[in-house]
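Participant: coordinates for the following, if possible.
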Amino acid sequence: MELEIIARMESPLTEKFGIPRQSGLAESLKGRIVLEGPYADERAVKGLEDFDYIWVIWGFEGTGSGFRPQVRPPRLGGNEYMGVFATRSPYRPNPIGLSCMRLESVEIVDGKPVLNVSGSDLRDGTPIYDIKPYLPYAEAHPGARGGFTDSTKDYSLKVVFGKKADFSDEDIDALTELLSQDPRPAYHDDPERIYGMKYKDKDVRFRVDGGTVIVTEIV
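Facilitator: Purely as a prediction, here's the structure:
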C-alpha cells in the first residue's frame, strides 16, 4: 500500500525536542495544515468548517525507530516497560501517527485550502496522509479508563520566564504549555543543566529545578 501526502504541517516547532507528547496538551500552540498537489482543492474541504475538531493521520519522519514490542513511556520515569500498543510511542510497525486537533478556521490562501489548527503535536514539515472530522456523538467517551496515563495525566511543572524576548502573548502562552509538560528525557534530573528548544526562529534555553521550569535565555 502506498500513501499519498495530501498536506504538510506548518508549526513554530522545527525540531523534535519540545514537541508535546500528545495532541491537545498545548492548546495555545497554533499551526497550519496546508493542502498540496491535487488535494489542494477547496471542494475537498467543503463543510469541514462546521466541525470543531479534526483527526489528522500523519507520518513520522527521520525517526529510524522500527518496531519494538515493549517501550518505556517517559511519564513512567523511563524505567517501566509497557507493550508498544498500549502507548503512543514511535517504535511502531508502521511510521504512522494519529492526532486530534482543534480546527480554528478554514481559509483559502493563494488558491490552496489551509486549515488553521491548535493543540498540534507535529513539528514543522510533517507529512499528512489524511484528515477526518471528529464526531463527538460517536468518539467522545467521558469516564473511559486511560490505563497507566490515569496516574500521570495531571503532571505539570510551573514555568517562570526570566526573559520573554519579542514573543506575543499568544506565543508565551504556547511556550508555557509546552515547557510545563517537561520536554526533558525522563532520566534527566540535573537542576543546573541548560536545555534548548527551537520555537519559531528563537532558541529557548531553560533549566528545571524541582517542579519549576526556569527560562534563562531566549536568543
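Participant: only C-alpha atoms for contact and neighbour calcs from this point on.
Facilitator: Noted.
Participant: count the residues that sit near the closest residue to residue 95 other than its chain neighbours.
Facilitator: By the measure of C-alpha to C-alpha, 6 or more residues apart in numbering, the closest residue to residue 95 outside its immediate chain neighbours is residue 60, 5.2 Å from it. Neighbourhood size, residue 60 [other C-alpha atoms under 10 Å]: 17.
Participant: tell me, what residue is most central in this protein?
Facilitator: The residue lying closest to the centre of the chain (C-alpha atoms, centre = their mean) is residue 121, at 0.9 Å.
Participant: right, and that residue touches residue 98 too?
Facilitator: No - using C-alpha atoms under 8 Å, residue 121 makes no contact with residue 98, being 9.7 Å away.
Participant: list the contacts for the residue nearest to residue 95?
Facilitator: The neighbourhood of residue 60, defined by C-alpha atoms under 8 Å, 6 or more residues apart in numbering, consists of 90, 95, 96, 97, 126, 127.
Participant: try 10 Å this time
Facilitator: Residues near residue 60 by C-alpha atoms under 10 Å, 6 or more residues apart in numbering: 90, 94, 95, 96, 97, 122, 123, 126, 127, 128.
Participant: let me know the outermost residue of the chain.
Facilitator: residue 43 (27.7 Å).
Participant: contacts only, for that residue.
Facilitator: Contacts of residue 43 by C-alpha under 10 Å, 6+ apart are residue 113.
Participant: now do it against residue 197, distance only.
Facilitator: Per C-alpha to C-alpha, to the nearest Å, residue 43 is found 38 Å from residue 197.
Participant: now do residue 124
Facilitator: For residue 124, the distance to residue 197 - C-alpha to C-alpha - is 14 Å.
Participant: between those two, which contacts overlap?
Facilitator: Joint contacts of residue 124 and residue 197 (C-alpha under 10 Å, 6+ apart) are 13, 14, 15, 16.
Participant: next one: the residue farthest from the centre of the chain from residue 105, what distance?
Facilitator: 16 Å.
Participant: ok, residue 213 next?
Facilitator: Residue 213 is 32 Å from residue 105, by C-alpha to C-alpha.
Participant: out of those two, which sits in the busier spot?
Facilitator: Using other C-alpha under 10 Å, the more surrounded residue of residue 213 and residue 105 is residue 213, with 21 against 15.
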